[in-house]
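**Q** curious how this folds, go ahead:
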Amino acid sequence: MKTQSTFVASTSLLKAKVDNFFGTCLEISFSGIPENKAYALWKDMTKELSLMEKVFDAENPASEVSVLNSSKVDIETSELMKEALNLCESYLIKTKGLFNINRLPNDGLDFSGFVKAYSIQRLCALLKKAKVKNYFLNFGGRVICASGNQPYCEGWYYTLYDETGEEELEEFLLKNESLAFSLFDDRLSMVRSKDPLEAKILSLVLPVATSSQRHEMSYSFKNLDEKYYHFR
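**A** Alright, predicted model coming up:
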């Protein structure tokens, strides 16, 4: 994980970038607090991201998830892992079994459809705790979360492009909401929600849900906003 950051004094905007975080780039912008407090918050955020890697990076044999998956006996898990497992179990129930981090027997746990949105969710909690009202987080164009306004503008804008990165498919104006995208062959699933984790999980399960499962899930997820884009 490699980080870089810049503070723009004229707008009290801190712009940061994290490269190679779970295989992709995480971009973060937030404004409205003094420079010293902004960098103190950014330090807390990078600590949180390092902890997420330590626990959930399946590519690292020393991570907690790797140790869990390779262990032949029950071992004590961290509080972060316990929270994640509880969340995953709740979504397993809410999605009628469609969202499941338990892979085939003996293959262990797979957090790949969970960890990026979960990271965004935990970073948002840090921002709210610091009383930051204006922020925008973009995790590799797959999970986007926005709150408040960007400097000199109402809300935050995000542009979705096609697979070549050249053709604009849609421009979104976001304010206090999240977008999540999941790719299925030549079809891109999009879900809009207040919660980045909910948006991501639904973007994974709705494309494969039956009409009966959708009906049952509607009791847990209200006013679903979904859309599909077809790539050539």
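**Q** if I look at Glu35, how far off is Ala9?
**A** Distance of Glu35 to Ala9, given as Cβ to Cβ, to the nearest Å: 7 Å. Yep, even glycine has a C-beta here, placed from its N, CA and C like the rest.
**Q** which of the two has more residues huddled nearby?
**A** Shown here are Glu35 and Ala9; by other Cβ atoms under 10 Å, Glu35 has more neighbours (12 against 8).
**Q** could you find the residue nearest the spatial middle of this protein?
**A** Taking Cα atoms, centre = their mean as the criterion, Ala117 is the residue nearest the geometric centre of the chain, at 1.8 Å.
**Q** give me the nearest residue to that one, chain neighbours excluded.
**A** Lys200 (3.6 Å; Cβ to Cβ, 6 or more residues apart in numbering).
**Q** in terms of helices and strands, where is the one you found?
**A** Assigned by DSSP states H and E, Lys200 belongs to helix 196-205.
**Q** for that helix, name the packing helices and strands.
**A** The helices and strands touching helix 196-205, judged by 3 or more Cβ pairs under 8 Å, 6 or more residues apart in numbering; DSSP states H and E, are helix 115-129, strand 143-147, strand 177-184, strand 187-193.
**Q** next, the angle from the last one to strand 143-147.
**A** What separates the directions of strand 187-193 and strand 143-147 is an angle of 30 degrees, with axes from the mean of the first three to the mean of the last three Cα atoms, to 10 degrees.
**Q** try the first one
**A** Using the same axes, to 10 degrees, the inter-axis angle of helix 115-129 relative to strand 143-147 is 10 degrees.
**Q** and if you look at the third one?
**A** Put simply, strand 177-184 runs at 170 degrees to strand 143-147, going by the same axes, to 10 degrees.
**Q** ok, strand 177-184: who's next to it in the sheet?
**A** strand 143-147 (antiparallel), strand 187-193 (antiparallel) (DSSP bridges).
**Q** and the longest one, what's buried?
**A** If I follow you right, that is strand 187-193. For strand 187-193, a neighbour-count test (16 or more other Cβ atoms under 10 Å) marks 188-193 as buried.
**Q** show me where this structure has helices.
**A** Counting by DSSP state H, the chain has helices at residues 35-56, 64-70, 79-94, 115-129, 196-205, 211-217.
**Q** single out the most deeply packed of those.
**A** helix 196-205 (a mean of 25; mean count of other Cβ atoms under 10 Å).
**Q** next one: that one to chain centre, how far?
**A** 9 Å (Cα atoms, centre = their mean, to the nearest Å).
**Q** before we move on, what about stretch 214-221?
**A** Distance, centroid of stretch 214-221 to centroid of chain: 22 Å (Cα atoms, centre = their mean).
**Q** distance between the ends of that stretch?
**A** Start-to-end span of stretch 214-221 (Cα to Cα, to the nearest Å) is 10 Å.
**Q** which residues touch that stretch?
**A** 94-96, 198, 202, 205-206, 209, 224 (Cβ atoms under 8 Å, 6 or more residues apart in numbering).
**Q** want to throw the residues you listed into CSV with pLDDT and distance to Glu53?
**A** Shown next, in CSV, are these (pLDDT from 0 to 100; distance: Cβ to Cβ, whole Å):
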residue, pLDDT, distance to Glu53
Lys94, 96, 27
Thr95, 96, 26
Lys96, 95, 31
Glu198, 97, 23
Leu202, 97, 25
Val205, 96, 26
Leu206, 95, 29
Ala209, 95, 31
Leu224, 79, 32
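**Q** relative to Asp162, which of the buried residues of strand 187-193 is nearest.
**A** When the buried residues of strand 187-193 are compared for distance to Asp162 (Cβ to Cβ), Leu188 wins out at 9.1 Å.
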